[in-house]
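Novice: Below is the sequence, then the predicted model.
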Amino acid sequence: MRILVVEDERKVAAFVRQGLVEEGHAVEVTADGEAALEAVAEGPPFDLVVLDVMLPRRGGLDVLRSLRALRVQTPVLLLTARDGVADKVAGLDAGADDYLTKPFGVRELVARARALLRRPRRAAVEARLTADASFEANGEGAQPIRIHGIEIDPARRRVRIEGRDVELTDQEFRLLHLLATHAGIVFSREALLTKIWRGDTYVTVRSVDTLVKRLRRRIETDPANPRFLLTVWGVGYKFADV
Ligand code: CA
């Protein structure tokens with residue numbers, strides 16, 4: 001990943017650079033807010049900017065506001081002084097994604113950077129999930145299925161219940177399709193988590209419960225007494241057996 005470090009204190013800049021280089025990142029350092037703005041706005045894109053608040057000529061917060069005004073969405077990790085509460089608040093308002101208070105340890109820095117760098121990858125993960133889902137929809141499982149009066153057409157992403165169209169989100173559709181094509185088979189919440197959200201580390205088994213609830217509201221006549229999406233207590237969920 002390409003990271004820009006904007007810091008005029010040489011020692012701090014060298015320390016930050018070292019920590020990030022050891023993580024395998026390509027790091028550029030500049031001591032100047034004006035130069036930083038130019039580098040980010042005009043150069044090849046950075047994946048992260050580590051930005052000190054106290055900079056000569058043009059302060060970090062000013063740089064940050066200008067970046068956001070230019071619609072640069074690169075994550076920004078602010079470096080602030082211990083007593084700079086106002087800076088932190090102003091920084092977050094100005095569009096910083098996180099901050100570190102000086103002095104900080106290299107592990108803390110690396111951990112924050114990692115969390116911020118994960119975000120764009122998350123978008124990539126979501127794109128891959130969508131691609132996988134459409135592959136599945138157009139691949140083996142492309143045949144429309146009909147079960148308990150529900151018609152599920154994966155190729156058209158269409159669901160009809162007793163002749164009426166039902167709008168579902170992508171996740172709701174995938175959950176319904178998975179369960180309905182395996183009617184009677186119990187899926188644990190963990191299994192559903194890996195099948196529906198593959199690779200996404202930001203969800204918990206609670207997300208499965210929430211998704212099931214949402215799907216029930218869309219397809220069940222009485223969501224409190226579901227006919228299709230059944231809870232198997234202590235185990236997980238299943239679609240009503242044929
Ligand atoms: Ca400084």
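Specialist: Now that the structure is in, tell me what you want to look at.
Novice: Poorly predicted segments of the chain, please.
Specialist: In the prediction, the chain carries residues with pLDDT under 70 at positions 82, 120-142, 198-202.
Novice: Okay, domains of it per the record?
Specialist: With automatic domain parsing as the criterion, the domains of the chain are listed as 2-119, 138-239.
Novice: Give the burial count for the residue nearest to residue 32 when sequence neighbours are not counted, as a bare number.
Specialist: Nearest residue to residue 32, sequence neighbours excluded (CB to CB, 6 or more residues apart in numbering): residue 57, at 6.2 Å. Every residue, glycine included, has its C-beta placed from N, CA and C. Counted with other CB atoms under 10 Å, residues neighbouring residue 57 total 12.
Novice: check contacts around residue 57.
Specialist: Shown in contact with residue 57 (CB atoms under 8 Å, 6 or more residues apart in numbering): 32-34.
Novice: now the residues you listed in a markdown table, with neighbour count, distance to residue 23 and secondary structure?
Specialist: As requested, these are arranged in a markdown table below (neighbours: other CB atoms under 10 Å; distance: CB to CB, whole Å; DSSP: H, G, I helix; E, B strand; the rest coil):
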| residue | neighbour count | distance to residue 23 | secondary structure |
| --- | --- | --- | --- |
| 32 | 17 | 24 | coil |
| 33 | 25 | 25 | helix |
| 34 | 15 | 28 | helix |
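Novice: Show me which residues of the protein are close to the ion?
Specialist: With CB under 5 Å from the ion as the criterion, the chain comes near the ion at residues 8-9, 52, 54.
Novice: Can you go through these and name the buried ones?
Specialist: Under a neighbour-count criterion of 16 or more other CB atoms under 10 Å, the subset of these counted as buried comprises 8, 52, 54.
Novice: Now do the strands in this protein.
Specialist: 2-6, 26-30, 48-52, 76-80, 98-101, 145-147, 150-153, 158-161, 164-166, 187-188, 229-232, 236-239 (DSSP state E).
Novice: who wins for proximity to residue 15 among these?
Specialist: Distance to residue 15, taken as CB to CB, is lowest for strand 2-6 among those, at 9.9 Å.
Novice: Which residues outside the closest one are in contact with it?
Specialist: The contact list for strand 2-6, computed with CB under 8 Å, 6+ apart, reads 13, 16-17, 20, 25-33, 36, 39-40, 44-52, 55, 60, 63, 113.
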